[in-house]
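Okay, predicted coordinates and the sequence, questions at the end:
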Amino acid sequence: MTDASRPAAARTTYLGQNQYGKAENRVVRVYRDGASHRVKDLNVSVALSGAMDEVHYSGSNANVLPTDTTKNTVFAFAKEHGIESAEAFGVHLARHFVTSQEQIQRARIRIEEYGWQRIGDTGHSFARTGQETRTTEITYDGLGFQVVSGLKDLVVLNSTDSEFWGYAKDGYTTLKEAYDRILATEVTARWRFGWTGGAATEPSWEESYGQVRGHLLDAFADTYSLSLQQTLYAMGSRVVEQHPGIDEVRLSLPNKHHFLVDLEPFGLKNDNEVYIAADRPYGLIEGTVLRDGAQAGIPVTD
Ligand SMILES: O=c1[nH]c(=O)c2[nH]c(=O)[nH]c2[nH]1
């Protein structure tokens, strides 16, 4: 006899956290504003949870809104409600699933957004923007929303104004102290809005994205860095200080090491000019910056 078909009292296992839904719905919405078109290009993943014990224990699907339906909803909403921003779209979807199905108590909508820039003068020709991918995660539990937006794959480099010295040393330490090094990283950032829904006005999601991106980049560029950890804190705190609607920023910064190449064998002096860019292994510096009094809400592991 399998565990699932045993009476509850005889079970030796029980169901823990679970969620389900259609992942990676690639929806592209074209806005035909006259001759000048706009494109929104998203990858939307739906994860629902609630009263789902029975489908796991006995196989009864009575509470299961099919993942196929969640996929259809994404595409229908792209037409019915449009995609003004990934965040607004996710808020619509999350609210819909929780309010329309009693057994669904929580919806998490994860979205990646790929940028398109108009090219030429046709009004309908685009090139994918090559830098970062935008991200957002909207969670709704029937009481409040949590919106965590972000970006990933944004590669930045300072060719000077970076040092690393004075660190702890033991018998295995071989690293030479650096007084002028390249500092490069691929930024993954997530920021949590204070907005939770209700009567409060929804933030201007599109505008805030450009502002936060700008603060992160400005802080990276402006900071004379004694460590990537110090730069991380400067980047996160710049966002929280400059953006009253954001209470928490989490950053994951791989240290993209650049090592000076020894050119002495060729009779050449290397005056901090020629580096080898190493891809592995890399230091991985991660941390959260919080507004004074705020509780951490962005998951640490992902
Ligand atoms: O900015 C840095 N932080 C570290 O913790 C570290 N460790 C290391 O080897 N190089 C660096 N650089």
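On my side now, so go ahead.

Quick check: residue 141 touching residue 106?
Yes - using C-beta atoms under 8 Å, residue 141 is in contact with residue 106, at 4.7 Å. The way it works is simple: take the backbone N, C-alpha and C, and place the C-beta from them, glycine included.

list residues touching both of the two?
residue 98 (C-beta atoms under 8 Å, 6 or more residues apart in numbering).

just checking, residue 207 is part of a helix?
Yes - under DSSP: H, G, I helix; E, B strand; the rest coil, residue 207 falls within a helix.

change the start of the numbering to 27 and stick with it
Understood, numbering begins at 27; the last thing we discussed is residue 233.

residue contacts, it?
Per C-beta under 8 Å, 6+ apart, neighbours of residue 233: none.

mind checking pLDDT for it?
Note on residue 233: pLDDT of 97.

Residue 194 now?
Predicted confidence (pLDDT) for residue 194: 98.

residue contacts, it?
So residue 194 contacts nothing (C-beta under 8 Å, 6+ apart).

what about the closest residue in space to residue 278 that isn't next to it in sequence, which helix or strand?
Leaving aside its chain neighbours, residue 278 sits nearest to residue 214 (4.2 Å; criterion: C-beta to C-beta, 6 or more residues apart in numbering). Under the criterion of DSSP states H and E, residue 214 resides in strand 209-219.

just checking, what packs against that strand?
strand 171-184, helix 231-248, helix 254-268, strand 272-281 (3 or more C-beta pairs under 8 Å, 6 or more residues apart in numbering; DSSP states H and E).

hmm, who's touching the shortest one?
What it means is strand 272-281. So strand 272-281 is in contact with 209-220, 234, 238, 254, 257-258, 261-262, 265-266, 308-317, 320, 322-324, 326, going by C-beta under 8 Å, 6+ apart.

Phi and psi next, for the residue in the stretch 77-226 of the chain positioned nearest to the ligand.
When scored by C-beta to the nearest ligand atom, the stretch 77-226 of the chain has residue 190 as its residue closest to the ligand, at 4.4 Å. In terms of degrees, to the nearest 10, the main-chain angles of residue 190 are phi -150, psi 110.

Would you mind confirming that it is in contact with residue 207?
Yes - Residue 190 lies in contact with residue 207 (C-beta under 8 Å); the separation is 6.5 Å.

The two: which has the busier surroundings?
More neighbours surround residue 207 than the other of residue 190 and residue 207, with 23 against 20 (other C-beta atoms under 10 Å).

and the residue nearest to the more buried one when sequence neighbours are not counted, what does it touch?
Excluding the flanking residues, the one nearest residue 207 by C-beta to C-beta, 6+ apart is residue 188, at 5.0 Å. When contacts are counted by C-beta under 8 Å, 6+ apart, residue 188 touches 204, 206, 207, 208, 209, 250, 251.

Drop anything exposed from those.
207, 208, 209, 251 (16 or more other C-beta atoms under 10 Å).

near the ligand, from the residues you listed?
With the criterion set as C-beta under 6 Å from any ligand atom, no member of those is near the ligand.

got those residues as JSON lines, with pLDDT and distance to residue 177 columns?
Listed next are the buried ones among the contacts of residue 188 as JSON lines, based on pLDDT from 0 to 100; distance: C-beta to C-beta, whole Å:
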{"residue": "207", "pLDDT": "98", "distance to residue 177": "25"}
{"residue": "208", "pLDDT": "98", "distance to residue 177": "22"}
{"residue": "209", "pLDDT": "98", "distance to residue 177": "19"}
{"residue": "251", "pLDDT": "98", "distance to residue 177": "20"}
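
My read is that residue 68 contacts residue 141, right?
No - contact criterion C-beta under 8 Å: residue 68 and residue 141 do not qualify, at 11.0 Å.

what about the two, which has more around it?
residue 68 (21 against 16).

per-residue confidence averaged over the helix or strand where that one lies?
Residue 68 is part of strand 62-76 when elements are defined by DSSP H and E. In this model, strand 62-76 has an average pLDDT of 97.

Ok, stretch 300-320 next?
97.

does any part of that stretch sit near the ligand?
Yes - Stretch 300-320 is in contact with the ligand by C-beta under 6 Å from any ligand atom, via residue 309.

Show me which residues of the strand holding residue 68 are buried.
63, 65-76.

Could you let me know which of these ends up closest to the ligand?
residue 69 (32.3 Å).

Ignoring the adjacent residues along the chain, who's closest to the closest one?
Residue 69 sits nearest to residue 138 (C-beta to C-beta, 6+ apart), 4.3 Å away.

Identify the residues contacting the one you found.
Applying C-beta under 8 Å, 6+ apart, the residues near residue 138 are 68, 69, 159, 160, 161.
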